[in-house]
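Student: Below is the sequence, then the predicted model.
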Amino acid sequence: MSLMLLLVNLERILVSLMLLLVNLVILLVNLERILVKHRNEHAFFHCHYDAS
């Protein structure tokens, strides 16, 4: 009985860790998109600045 409870708790912990990992990956992807967009906007403005 105690072993079953331990296994259930371990399973819950593993599922929670996996969900946390997925959320971290999603967060990193979103941050990367924001940074790339930000960098592209700055590059565009600099090019536009040099042209005029």
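Tutor: Thanks, I have it. Numbers count the residues shown, from 1 in each chain.
Student: where does this protein dip in pLDDT?
Tutor: Counting by pLDDT under 70, the chain contains low-confidence ranges at 43-52.
Student: for it, what spans make up the helices?
Tutor: Using DSSP state H, the helices of the chain run over 2-51.
Student: most centrally placed residue in this structure?
Tutor: The centroid of the chain falls nearest to Leu27 when counting by CA atoms, centre = their mean (2.2 Å).
Student: quick one: that residue and Ile34, what's the gap?
Tutor: According to CB to CB, to the nearest Å, Leu27 and Ile34 sit 11 Å apart. Bear in mind the C-beta positions are built from the backbone N, C-alpha and C, glycine included.
Student: count of neighbours near Leu35?
Tutor: Leu35 has 10 neighbours, counted by other CB atoms under 10 Å.
Student: what's the neighbour count on Leu17?
Tutor: Neighbour number of Leu17 under other CB under 10 Å is 10.
Student: what do you get for Leu14?
Tutor: By other CB under 10 Å, 10 other residues sit near Leu14.
Student: oh, and call the first residue 452 from now on, that's how I've got it
Tutor: Shifting the count to begin at 452 puts that one at Leu465.
Student: tell me the contacts of it?
Tutor: Neighbour list for Leu465: empty [criterion: CB atoms under 8 Å, 6 or more residues apart in numbering].
Student: thinking again about what came up before, so who does the residue nearest to the centre of the chain touch?
Tutor: By CB under 8 Å, 6+ apart, Leu478 lies in contact with nothing.
Student: How much space separates it from Val487?
Tutor: Per CB to CB, Leu478 is found 15 Å from Val487.
Student: same check, this time on Ile464
Tutor: Counting by CB to CB - Ile464 and Val487 are separated by 35 Å.
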